[in-house]
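Q: Sequence below, structure please.
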Amino acid sequence: QVQLVESGGGLVQAGGSLRLSCAASGRTSSSYVMGWFRQAPGKEREFVAYINWDVDRSLYADSVKGRFTISRDNAKNTVYLQMNSLKPEDTAVYYCAPTMTTKYDYWGQGTQVTVSS
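A: Residues are numbered from 1 along each chain as shown. Alright, predicted model coming up:
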């Protein structure tokens, strides 16, 4: 099992930026991708972006395309989510997980992102 620690969330004004980090440890060799997901109050968890550990491939949800950038540092087993031009609707708890879908059983605590208008 992979252990994940998300960090970097906070309160930011609309139009601002944040960079989230996801530090992975444990059986990281068993996962080929790392994804970012988010869950807003009263809503289902949703996919944000994913990146492959071993090839230059990433994918973004339409709602964040062009504003968010996912990247990785293999040496540090860390995945980042650079979030620019933040909007109030980006407010959510953000989670990382070694999956491309929300069907995962071992979610961490996540990191809160709050965007004020």
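Q: What strands line up against the top strand by length along the chain, and which way round?
A: Using DSSP state E, we find that the single longest strand of the chain is strand 18-26. The pairing partners recorded for strand 18-26 under DSSP bridges are strand 2-7 (antiparallel), strand 78-83 (antiparallel).
Q: wait, is residue 75 part of a strand?
A: No. According to DSSP: H, G, I helix; E, B strand; the rest coil, residue 75 belongs to no strand; its state is helix.
Q: quick one: low-confidence parts of this structure?
A: Under the criterion pLDDT under 70, the flagged ranges of the chain are 27-31.
Q: Show me where it has its helices.
A: Ranges of helices within the chain: none, based on DSSP state H.
Q: quick one, phi/psi of residue 43?
A: phi -120, psi 160 (degrees, to the nearest 10).
Q: Give me the distance between it and residue 76.
A: Counting by Cβ to Cβ, to the nearest Å, the gap from residue 43 to residue 76 is 31 Å. For glycine as for every other residue, the C-beta is placed from the backbone atoms N, C-alpha and C.
Q: Would you map the strands across the protein?
A: Counting by DSSP E, the strands of the chain are 2-7, 10-13, 18-26, 33-39, 46-52, 58-60, 68-73, 78-83, 92-97, 111-116.
Q: Share the number of residues neighbouring residue 26, please.
A: 13 (other Cβ atoms under 10 Å).
Q: cool, residue 5 as well?
A: Going by other Cβ under 10 Å, the residues that sit close to residue 5 add up to 14.
Q: before we move on, the earlier item: could the strands of the chain go into a markdown table alongside distance to residue 104?
A: Below are the strands of the chain laid out as a markdown table (distance: least, Cβ to Cβ, whole Å):
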| stretch | distance to residue 104 |
| --- | --- |
| strand 2-7 | 10 |
| strand 10-13 | 25 |
| strand 18-26 | 13 |
| strand 33-39 | 8 |
| strand 46-52 | 11 |
| strand 58-60 | 16 |
| strand 68-73 | 17 |
| strand 78-83 | 15 |
| strand 92-97 | 5 |
| strand 111-116 | 17 |
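Q: Can you say which of these is nearest to residue 105?
A: strand 92-97 (9.5 Å; Cβ to Cβ).
Q: Noted, bye for now.
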